[in-house]
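1. A structural model of the following input is requested.
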Amino acid sequence: MADKVTSLQVAQRAGVSQSAVSRVFTPGASVSKKTAEKVRKAADDLGYRPNVLARAMVSGKSRIIGLVVAYLENYFYPEALEKLSNALQSQGYHVLVFMASQTAGNVDNVVREILDYQVDGIVMASVAMSSDVAERCEQAGVPVVLFNRYEDREGVTSVTSDNFAGGRKVAEFLLAGGHQRIGFIAGWEGASTQRDREAGFVAGLTAAGRSLHARAVGNFKVDQARDAARTLFADPTTRPDAVFVANDHMAFAVMDVIRFEKDLRVPQDVSVVGYDDVPPASWLAYNLTTVRQRANLMVDETVTALLTLIENFDTTRARKITIDGPLIVRGSARVPAGWVQQG
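-> Residues are numbered from 1 along each chain as shown. Below is the predicted model:
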């Protein structure tokens with residue numbers, strides 16, 4: 001095995017000090033372009049790679065962010081998490097991705113494992129966190145930001161869409177379209193996103209003196225969303241004439257059942273509205289009316305909140321950040337007369 005190349009050897013070859021080599025490989029450190037070019041050329045010639053873990057032990061900062069993800073089937077998450085990873089990397093951080101299920105016990109185990117990597121911060125995307133793990137992270141001085149999920153308890157920073165407002169917009173849209181039998185297909189009921197979307201939707205119906213005609217649960221899963229649609233549309237005499245589906249991922253499956261199993265037309269027989277505005281929503285095959293989650297703004301707010309916490313952990317107060325999203329009207333739902341598309 002070849003001897004490991006040291007930073008001193010790189011410094012000697014480049015004709016600079018050892019501290020200059022260290023600055024070149026430290027994100028955010030001040031170094032001239034000429035010096036950086038000489039050091040990087042010398043490093044490439046010698047096959048040198050900086051020891052990130054050793055540097056972390058000295059500085060107390062690993063420049064690593066742990067990213068916990070529950071599932072990637074939904075189109076929203078691969079796109080949003082790519083943006084999140086790129087944004088963190090542009091700030092000089094490395095991202096370690098950990099997969100977890102939606103159960104609290106599994107998430108707790110994953111977070112404990114992440115802490116062993118001496119991460120500077122953690123982003124949890126659509127997963128819940130127990131109070132025990134929240135306390136463990138706080139004791140370790142590791143800030144946590146929840147992405148597309150929030151906790152009811154205080155002390156945890158989160159970034160979400162304004163899901164309540166989004167659900168209410170859908171109710172107002174369907175009511176304005178003259179629908180009489182309005183149904184809802186819920187996501188996983190342990191998720192704050194699901195709860196708020198339904199709460200806003202029901203509030204909008206209630207304000208107009210109406211109530212849900214039918215409800216089923218799809219748990220944010222395609223197969224369960226199909227079953228939910230089959231249940232709602234089993235009886236042709238009582239089936240909904242409109243249905244709000246808690247996310248686009250399920251809405252596509254619901255539309256397929258409505259059209260190809262029940263031989264109903266969308267939107268002539270049934271209006272369908274989703275939530276997220278993932279790329280396939282604009283495909284002609286679905287042309288889905290949906291509430292847009294502004295992933296770019298959500299990512300920007302998440303990164304800003306996390307970096308602020310990293311730099312000022314003891315003095316920064318936790319915040320619940322919500323971002324409004326417009327209703328994007330396409331061809332899957334009846335458009336009320338005079339309706340104006342939002343921005």
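
2. rest of the way, CA atoms for contacts and neighbours
-> Fine.

3. the protein: helices as residue ranges?
-> Assigned by DSSP state H, the helices in the chain fall at 7-14, 18-24, 33-46, 52-59, 76-90, 104-115, 131-140, 163-176, 192-207, 222-232, 248-256, 295-311.

4. residues contacting residue 318?
-> Residues touching residue 318, when contacts are defined by C-alpha atoms under 8 Å, 6 or more residues apart in numbering, comprise 154, 155, 156, 157.

5. can you name the residues bridging to the last one?
-> The bridge-partner assignment for residue 157, based on DSSP bridges, gives residue 145.

6. now do the contacts for it.
-> For residue 157, the residues meeting the contact criterion (C-alpha under 8 Å, 6+ apart) are 144, 145, 146, 150, 305, 318, 319, 320, 321.

7. how much space separates it from residue 86?
-> When C-alpha to C-alpha, to the nearest Å is applied, the distance between residue 157 and residue 86 equals 21 Å.

8. again with the first one
-> Remark: distance between residue 154 and residue 86 (C-alpha to C-alpha) = 29 Å.

9. of those two, which one has the most company?
-> When neighbours are counted by other C-alpha atoms under 10 Å, residue 154 and residue 86 differ, and residue 86 comes out ahead with 16 against 11.

10. which pLDDT value belongs to that one?
-> Reading off the confidence values, residue 86 has pLDDT 92.

11. what's the answer for residue 135, then?
-> On the pLDDT scale, residue 135 gets 84.

12. number of residues surrounding it?
-> When neighbours are defined as other C-alpha under 10 Å, residue 135 has 12 of them.

13. by mean pLDDT, point me to the weakest helix or strand of this protein.
-> Each helix and strand of the chain was given a mean pLDDT (mean pLDDT, DSSP states H and E); the minimum falls on helix 52-59 at a mean of 57.

14. do you know the pLDDT at residue 178?
-> Reported pLDDT at residue 178 in the predicted model: 96.

15. pretty sure residue 230 is in contact with residue 257, am I right?
-> Yes - between residue 230 and residue 257 there is a contact under C-alpha atoms under 8 Å: 7.0 Å.

16. those two: who's more crowded?
-> Each of residue 230 and residue 257 has its neighbours counted (other C-alpha under 10 Å); residue 257 has more, 20 against 17.

17. let's have the contacts of residue 157 in a markdown table, adding pLDDT.
-> Supplementary listing: the contacts of residue 157 in a markdown table, determined by pLDDT from 0 to 100:
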| residue | pLDDT |
| --- | --- |
| 144 | 93 |
| 145 | 94 |
| 146 | 93 |
| 150 | 88 |
| 305 | 96 |
| 318 | 88 |
| 319 | 92 |
| 320 | 94 |
| 321 | 96 |
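
18. quick one: which of these is nearest residue 35?
-> Proximity to residue 35 was ranked across those by C-alpha to C-alpha; first place goes to residue 305, at 33.3 Å.

19. what is the neighbour count of residue 338?
-> 7.

20. right, I mislabeled it, should have said residue 26
-> The criterion is other C-alpha under 10 Å. On that basis, residue 26 has 16 neighbouring residues.

21. in this structure residue 212 contacts residue 182, no?
-> Yes - taking contacts as C-alpha under 8 Å, residue 212 lies within contact range of residue 182: 5.9 Å.

22. so between those two, which is more surrounded?
-> A direct count of neighbours by other C-alpha under 10 Å for residue 212 and residue 182 places residue 182 higher, at 24 against 16.

23. was I right to think the more buried one contacts residue 239?
-> No - at 9.0 Å, residue 182 and residue 239 do not qualify as touching, with contact defined as C-alpha under 8 Å.

24. so which bits of stretch 146-166 are buried?
-> Using 16 or more other C-alpha atoms under 10 Å as the test for burial, stretch 146-166 gives 146-151, 156-166.

25. how far away is residue 336 from residue 271?
-> 12 Å.

26. the more surrounded of the two?
-> Taking neighbours as other C-alpha under 10 Å, residue 336 and residue 271 compare with residue 271 leading, 25 against 13.

27. for the more buried one, give me its contacts.
-> Residue 271 sits next to 241, 242, 243, 332, 333, 334 when contact means C-alpha under 8 Å, 6+ apart.

28. for the stretch 101-250 of the chain, give me the ranges with low pLDDT.
-> Applying pLDDT under 70 to the stretch 101-250 of the chain picks out residues 102-105.

29. cutoff 80 now
-> When residues are selected by pLDDT under 80, those of the stretch 101-250 of the chain lie in 101-107, 126, 128-130, 153.
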